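[1] Next input, structure requested:
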Amino acid sequence: EESSGGGGGSHRFVSSLAHLYNMQYFADVESAEASVAADRDRILDEVRQDPGFEKLNRIVRGAICGSIVSSRCPPVVSAVLGMPEEFHKLCDTLVDGRRGEETLSTAACVELLAAATTVAAAGGYQDIIERLMEVVQRAAAQLRAAAKA
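    Purely as a prediction, here's the structure:
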């Protein structure tokens, strides 16, 4: 997406998980820049007093890592943000093993479930975890019923 920056130039945002992954190693609050030197000095003085540079760097790195984990399953993030449609589709896929016209292997369904569970657990989204466990129980019941038929 292109936008005009404050400097009058044109900028383009390119989503890149690799860049995000690398960013966690370069996060250094103390080396931050500001357009007004006095603002930079004031902000860095505040950070120095509390919480401190190392602690804020850890917080920033944690947020970056959280973004990386969350990227594994966008439907979970969408549900948490109040847009549950894609999460409901994911749950239906896990139960019936179909994504649209495509039939998924058991391994593919397990991989989807693992990604969703990882994102939900990492974010502390207990309601999503509970919903995923209900989905697993429904899927298991369907498998048992199919095996008896």
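
[2] can you give me the strands for the chain?
    Across the chain, reading from the start of the chain, the strands by DSSP state E fall at 2-4, 10-12, 98-99, 102-103.

[3] Can you tell me the closest non-neighbouring residue to the spatially most central residue of the chain?
    With distances taken as Cα atoms, centre = their mean, the chain has residue 70 as the residue nearest its mean C-alpha position (1.5 Å). Leaving out its chain neighbours, the residue that sits closest to residue 70 by Cβ to Cβ, 6 or more residues apart in numbering is residue 77, at 5.1 Å. (Glycine included, C-beta is placed from N, CA and C.)

[4] Residue 106 now?
    residue 97 (7.6 Å).

[5] Could you do residue 60 as well?
    Once its chain neighbours are removed from consideration, residue 60 has its nearest residue in residue 27; the separation is 4.5 Å (Cβ to Cβ, 6+ apart).

[6] The one you found contacts residue 57, correct?
    Yes. Between residue 27 and residue 57 there is a contact at 5.6 Å, judged by Cβ atoms under 8 Å.
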